[in-house]
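K.L.:
build me a structure from this.
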Amino acid sequence: MPVLPGWMRARRGVDRDALELPSPTWREWLLAGLVMVAATAVLLHEQIAQFTSVPDLGDPLFSMWRLAWVAHQIVADPWHLFDANIFHPAVRTLAYSDAMLLPAFIAAPAVWLGAPITVVYTSLMLGTFVASGLAMFALARAVTRDVGASLVAALFFAFDPFKIAHYSHLELQFTCWMPLAALACCRTLNSGRLRDGILMGVFVALQALSSLYYGAYLGVSLAALGAGWVIFVAWPRRGAFVALAAGVGVAALVAAAVTTPYRANRTTVGERGLNEIEAFSARPTDYLRPHPRSAMYGHWRLQGDASERELFPGTVPLVLGASALLAPAAPLFGPTVAALAVTADASLGLNGRVYRALAHVPAFRGFRVPPRFRALVGLYLALLIAMGVSRMSRLISVVPVRRLAVTGLAVALLVDIRPSLGELEPVFEHAPPIYPLIPEPRGVIAEMPLPGPGDAFWHDSVFMYFSTFHWHPLVNGMSGFAPPYYAGLGRIARGFPSDETLDAFARLGTQYFVLHEGYYRENWARVVAAADAQTRLQFVASIRWEKGEARAYRLVQRPRR
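P.N.:
This next block holds a predicted model:
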């Protein structure tokens, strides 16, 4: 076993008062809140100016559908919350992807009051940046007791380029529970209080309810943080292990309840194969790969497909994090570095060591993107930034000069990591008015055209968004998984309205077809003529709207012979 430097080893008789992790005062909370709101307004001004626009019409619309479905179903039929209206007649389809339950519960009151789902979505999105920054401020302030350094760390964690890279994924913006869980974990190790252990479990559970990926990955990182505490700081206080076990129990109970439909779905949709995980596994060089939404570095281009692997945190954050090495190191430097090392290795997926072990754990078999551990790397890098800035600022004895220097570092960091959201796409304010003309309120609809293999545009997400205005069951769907038959259905659907195609849809319980000119484009006239000539299709209605004509047909079953 390697000999560790004395300042990194666990110390006997350590001064426990030096490890106390105090909370910010209300004045400090107020200052942090103002800073985070102002930073959000400046850095995300493009989103605020185009409030109901989105980066693309794929995942953002999918998230809007999830928010709207949960708000609708917990009133209409909460016992069948996971039996969503997509991929009819499949069941538990909300569990084909992250159900994002906590964000949906937060959004539900606004949805019930009639707020447009586009407004609810963007408000929730912007709120995550403020909340994440405040949570990081609490952790950094507890560890360093330095307000200025904690604000710099909070700004990085809130606007970490990794979050901007995933700006289309609402659930991946909910990182606010991570710092609070880490803080509760450290307090438990230092105090042994049962309350702190239970709080840790609650925060892990809240993270899992916000993002299943992050909930599972957070648990791994906290284990590394705890091990680092034992190695580099001190043996935990009496009662700490009991308190931690209680917290793990709380998180495990919530996880078991929430993941029940996911486990039931494994027999239908299976698990992620190692080949799929390997395709998304990062390489060390991906930590030099910026996302195109980076205003400073977006023009960099590294070779190869980099989907989900743009992991570069920026130059200034790396320099500030490295400054934490300045001796004497902060008391929690060792545990922070240990957790950073484990999460960075895990983000490499099957190209590292940690995830190779995790891939055999049942709870991780539904995940295919190990690089999402990068969010936890950002957590511990932010904490190192706080330590480094605090150490540097204490070298300046004149208070006004110190404050000016810290402000300059914060500005330099924001300039370095500032995003460029690019051209945002407006979202339809309403669905095509064809749906109220369908005579059966619960009639099963197939939206056409169905995307076939290799189709570049996922218009199923648009159809799911439309369904938030009518809630008809849909044969269509877009999610992390899909029923085994769905890809084949897309191929068969290209022959619409042939008898073979209609038979395939009839077996799924389809009652109506809604055809959209905007997605058929040059094939529209041919498809409409064929549908009108097909005796098994009865014309219901036609309307015109922004995307051209929409036509509804009723499917007539084949007569029995």
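
K.L.:
can we go C-alpha only for contacts and neighbour counts from here?
P.N.:
Fine.

K.L.:
and the longest helix for this protein?
P.N.:
In the chain, with assignment by DSSP state H, the single longest helix is helix 117-144.

K.L.:
what are the buried residues along that helix?
P.N.:
By 16 or more other Cα atoms under 10 Å, the buried positions in helix 117-144 come out as 117-122, 124-144.

K.L.:
got it, and stretch 436-450?
P.N.:
Ile438, Gly443, Val444, Ile445, Ala446, Glu447, Met448, Pro449, Leu450.

K.L.:
how near is the residue nearest the centre of the chain to Pro317?
P.N.:
The residue lying closest to the centre of the chain (Cα atoms, centre = their mean) is Leu172, at 1.8 Å. Separation of Leu172 from Pro317 (Cα to Cα, to the nearest Å) stands at 20 Å.

K.L.:
so where's the stretch 301-450 of the chain shaky on pLDDT?
P.N.:
303-305 (pLDDT under 70).

K.L.:
who's in contact with Leu502?
P.N.:
Taking Cα atoms under 8 Å, 6 or more residues apart in numbering as the criterion, Leu502 is in contact with Phe496, Leu555.

K.L.:
average pLDDT for the helix or strand harbouring it?
P.N.:
The secondary structure element spanning Leu502 is helix 499-507 (assigned by DSSP states H and E). On average, the pLDDT along helix 499-507 is 95.

K.L.:
next, the angle from the helix or strand following that helix to helix 499-507.
P.N.:
For helix 499-507, the succeeding helix or strand toward the C-terminus, using DSSP H and E, is strand 512-516. Going by axes from the mean of the first three to the mean of the last three Cα atoms, to 10 degrees, strand 512-516 is angled at 120 degrees with respect to helix 499-507.

K.L.:
got a list of contacts for the helix or strand following strand 512-516?
P.N.:
Per DSSP H and E, the first helix or strand lying C-terminal to strand 512-516 is helix 517-520. The contact list for helix 517-520 (Cα under 8 Å, 6+ apart) reads Pro449, His459, Trp524, Lys547, Gly548, Glu549, Ala550.

K.L.:
which parts of this protein belong to which domain?
P.N.:
As given by automatic domain parsing, the domain ranges for the chain are 24-52+116-417, 435-555.

K.L.:
of the ones you listed, which is nearest Glu423?
P.N.:
Closest to Glu423 of these, according to Cα to Cα: domain 24-52+116-417, at 8.7 Å.

K.L.:
start to end distance for that closest one?
P.N.:
End to end - Cα to Cα - domain 24-52+116-417 spans 26 Å.

K.L.:
let's number from 57 now, not from 1
P.N.:
With 57 as the first residue, the last one maps to domain 80-108+172-473.

K.L.:
just give me how far it sits from the chain centre.
P.N.:
12 Å (Cα atoms, centre = their mean, to the nearest Å).

K.L.:
if we can go back for a sec, got TSV for the domains of the chain, with distance to Ala124 too?
P.N.:
TSV is the format used below for the domains of the chain (distance: least, Cα to Cα, whole Å):
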stretch	distance to Ala124
domain 80-108+172-473	7
domain 491-611	6
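
K.L.:
most packed of the ones you listed?
P.N.:
Burial of those is given as mean neighbour count (mean count of other Cα atoms under 10 Å); domain 80-108+172-473 ranks first at a mean of 21.

K.L.:
what angle sits between the helix or strand containing Val131 and helix 173-200?
P.N.:
Val131 belongs to helix 115-132 when assigned by DSSP H and E. Counting by the same axes, to 10 degrees, helix 115-132 lies at 100 degrees to helix 173-200.

K.L.:
buried stuff in helix 115-132?
P.N.:
Buried, per 16+ other Cα under 10 Å, within helix 115-132: 115-129.

K.L.:
tell me the one among those nearest to Leu211.
P.N.:
Looking across the buried residues of helix 115-132 and measuring by Cα to Cα, the closest to Leu211 is Pro116, at 24.2 Å.

K.L.:
the closest one contacts Thr108, doesn't it?
P.N.:
No. Counting by Cα atoms under 8 Å, Pro116 sits too far from Thr108 to count as a contact (10.8 Å).

K.L.:
now stretch 522-540: mean pLDDT?
P.N.:
Mean per-residue pLDDT for stretch 522-540: 94.

K.L.:
hmm, who's touching that stretch?
P.N.:
Against stretch 522-540 from outside (Cα under 8 Å, 6+ apart): 118, 121, 124-125, 141-146, 152-154, 324-325, 486-488, 491-492, 497-503, 506, 514, 516-517, 519-520, 564, 566.

K.L.:
now stretch 583-593
P.N.:
With contact meaning Cα under 8 Å, 6+ apart, stretch 583-593 is reached by Phe552, Pro553, Ser554, Gln594, Phe595, Tyr609, Arg610, Leu611, Val612, Gln613, Arg614.

K.L.:
so how far is that stretch from its chain's centroid?
P.N.:
43 Å.
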